[in-house]
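*Asks:* Here's my sequence, what's the structure:
(one chain, ligands or ions: 1)
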Amino acid sequence: MSRPTQFKRIVLNSRPEGDIEPDTFRTEVVPFSSLPKPGKGEVLVQCTWLSLDPAMRGYIRDVRSYLPPVKIGEVMRALGLGVVIETGPGSKFSVGDNVSGPWGMTEYAVMKDKHIDKIDLLPGVQPLDFLNVLGSSGLTAYFGLKKIGELKPGEKLVVSGAAGSVGAIACQLGKAAGAKVYAIAGSEDKCRWLENDLGVDKAFNYKSPTFHSDIKKHVGYLDVYFDNVGGDMLDFLLTRLNKDARIILCGAISAYNATKPKGLQSYLNLISQRAKIQGFIVMDYTPEYPAAIAELSKGLSSGAIKRKFHIVEGGIEQAPVALPMLFSGGNTGKLVVKVSEEPKGLQAKSKL
Ligand SMILES: NC(=O)c1ccc[n+]([C@@H]2O[C@H](COP(=O)([O-])OP(=O)(O)OC[C@H]3O[C@@H](n4cnc5c(N)ncnc54)[C@H](OP(=O)(O)O)[C@@H]3O)[C@@H](O)[C@H]2O)c1
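*Replies:* Presented below is the predicted three-dimensional model:
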C-alpha cells in the first residue's frame, strides 16, 4: 500500500466563548514522515470514520471535568474507526485489523495497543455500529437506563434529545424493557420517525406552542426521565415526577454553549416526590462493556434495535464544519464524518 507524502489533522485554534466559531479549529497539513514509526506494542492507524459528539464542546472548555481540556494547538479529541496499516514489534494487532479508538481528528495516528480496540464483527453488525449502538452512544443509553434509571416494565420513560444518537437508542431500549416511552425532539419529522420507525408511544415537538400542555395531557407524570438536554426542559419535567421517580442526568446540550448554565427552579419536587437525580459518565462502566456490547449486538442482529446515521462526506476537514449541527438539531441519529475509504491491498504481515 502506498503512503501519502502528507496528511491532515484538525487542531484546537481558539476557545470559543459561546457557539463554536469558524476559527475554533484549524487544519494542519503535515508530512507523513513526521509520524514516528510504531514502537513496541504500537500500531499505525489510518482513520476511516470520526464520531462527532456534544461532549466535544466540553473538551475545549478550560475547566475541570472528567477528562483534561484539549490544549490550544493540540489535535482535537475524537473517537474514530480505522484500519491498522503497520504494526510495531510485539503488537497484538495485525495489518488490516479494523479498530476503534480515541486518536482524535487526524487522518493517521500511532497508537498504543492498549488504547484501541479490535472490532469483532458478528453477523448483522457493521464496523460503523461501533460509533453508534455498539459504541459510546449505545453504551450510554444502556448503562444510563439500567444503572441510574433502574427502569421497570410498565413504567413511564421520557427521553429528551430523542432523535439523536443516545436518545434514539434509549427510546428503543426503553420499549424493549416494557416501558411506555415518550420521546421529545425538535421537529415534526423527527417526531414522526420516532413514532413510526422506532415505535415510541408518543413523540413531542418541544418547539410546538402546545408542548407543555401536550406533555401534561399525554404523559401526566413520569417514572424515569432520560435527560440529554438540561436547562428549561429539565426544569419543566421536574414538575412532572411520579413518586420515587429517577432522573438520569446524561447530558445538558442546551447549556454547553452557555457561559453559565441556568439554575433549576423546580427542584423541590425532588423532595416531595422522593425522587433521585444522578449524573453518570459512561466510561465508569468500562469493565462491563463486553457484556453490554454482546447484548446490544444481539439487538442489532435480530433487528430489534434500529440504527440511523447522519453521514457527512468530504473528509476530515468537514468534522469542525459539521460539529455545530449537534447544537442546531441538524442531525437525526448518529453524526459521523467519513474520513477515508478503507485502505485496499493490505496484507497481514508476520509479527516482528
Ligand atoms: N454521560 C455520558 O457519559 C454521555 C455520553 C455520551 C453522550 N452524552 C450526552 O448525551 C446527549 C446526547 O448526545 P448525542 O451524542 O446523542 O447527540 P445527539 O442527540 O445526536 O445530537 C444532539 C441533539 O440535541 C438536540 N439539541 C441541541 N440543542 C438543544 C437544545 N437547546 N434543546 C433541546 N435539544 C437540543 C438536537 O436535536 P433536536 O432537533 O431534537 O433539538 C440535536 O440533534 C448529550 O447531552 C451528550 O453530552 C453523555
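
*Asks:* In contact with the closest residue to Gly279 other than its chain neighbours, which residues?
*Replies:* Setting aside the residues directly before and after it, Gly279 is nearest to Leu249 in space (CB to CB, 6 or more residues apart in numbering), at 4.0 Å. Glycine gets a C-beta too; all of them are placed from N, C-alpha and C. With contacts taken as CB atoms under 8 Å, 6 or more residues apart in numbering, Leu249 has the following neighbours: 148, 227, 230, 277-280.

*Asks:* Between the residues you listed, which sits nearest the ligand?
*Replies:* In terms of CB to the nearest ligand atom, no member of these lies closer to the ligand than Phe280, at 5.6 Å.

*Asks:* what packs against the longest helix seen in the chain?
*Replies:* When the chain is parsed with DSSP state H, its longest helix is helix 289-302. Applying 3 or more CB pairs under 8 Å, 6 or more residues apart in numbering; DSSP states H and E, one finds that helix 289-302 makes contact with helix 136-143.

*Asks:* that older thread, restricted to strands, list the contacts of Leu249.
*Replies:* 227, 277-279 (DSSP state E).

*Asks:* can you redo the contacts of Leu249 as TSV with neighbour count?
*Replies:* Below are the contacts of Leu249 laid out as TSV (neighbours: other CB atoms under 10 Å):
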residue	neighbour count
Ile148	20
Asp227	25
Gly230	22
Ile277	18
Gln278	12
Gly279	13
Phe280	15
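
*Asks:* And the residues you listed, which two are furthest apart?
*Replies:* When the contacts of Leu249 are compared pair by pair using CB to CB, the two farthest from each other are Ile148 and Gly230, 15.1 Å apart.

*Asks:* Disregarding flanking residues, what is the spatial nearest neighbour of the most centrally placed residue in the chain?
*Replies:* The centre of the chain sits closest to Ser137, judged by CA atoms, centre = their mean, with a distance of 4.1 Å. Excluding its sequence neighbours, the residue lying closest to Ser137 (CB to CB, 6+ apart) is Ser165, at 4.0 Å.

*Asks:* got it, and Tyr285?
*Replies:* Closest to Tyr285 by CB to CB, 6+ apart is Phe143, at 4.6 Å.

*Asks:* any idea how this structure splits into domains?
*Replies:* With automatic domain parsing serving as the domain definition, the record reports that the chain contains domains spanning 6-132+307-338, 136-284.

*Asks:* Between the ones you listed, which one is closest to Leu300.
*Replies:* Leu300 lies closest to domain 6-132+307-338 among those, at 5.6 Å (CB to CB).

*Asks:* from the middle of its chain, how far away would that closest one be?
*Replies:* Between the centre of domain 6-132+307-338 and the centre of its host chain there is 12 Å, according to CA atoms, centre = their mean, to the nearest Å.

*Asks:* and it, how far apart are its ends?
*Replies:* With CA to CA, to the nearest Å applied, domain 6-132+307-338 spans 19 Å between its terminal residues.

*Asks:* residues contacting Glu107?
*Replies:* With CB under 8 Å, 6+ apart as the criterion, the residues that contact Glu107 are 7-9, 46-47, 316, 339-340.

*Asks:* what's the nearest residue to it if we skip its chain neighbours?
*Replies:* If you skip the residues right next to it in sequence, Glu107 has Phe7 as its closest partner in space, 4.2 Å away by CB to CB, 6+ apart.

*Asks:* what's across from the one you found in the sheet?
*Replies:* In this structure, Phe7 has beta-bridge partners Val30, where bridges are defined by DSSP bridges.

*Asks:* what about Asp189, how many neighbours?
*Replies:* Using other CB atoms under 10 Å, Asp189 is surrounded by 12 other residues.

*Asks:* Helix, strand or coil: sort out it for me.
*Replies:* helix (DSSP: H, G, I helix; E, B strand; the rest coil).

*Asks:* Kindly provide the distance from it to Asn196.
*Replies:* Taken as CB to CB, to the nearest Å, the spacing of Asp189 relative to Asn196 amounts to 11 Å.

*Asks:* if we can go back for a sec, touching, the residue nearest to the centre of the chain and Gln172? I think so.
*Replies:* No - proximity of Ser137 to Gln172 does not meet the contact threshold set by CB atoms under 8 Å, at 11.6 Å.
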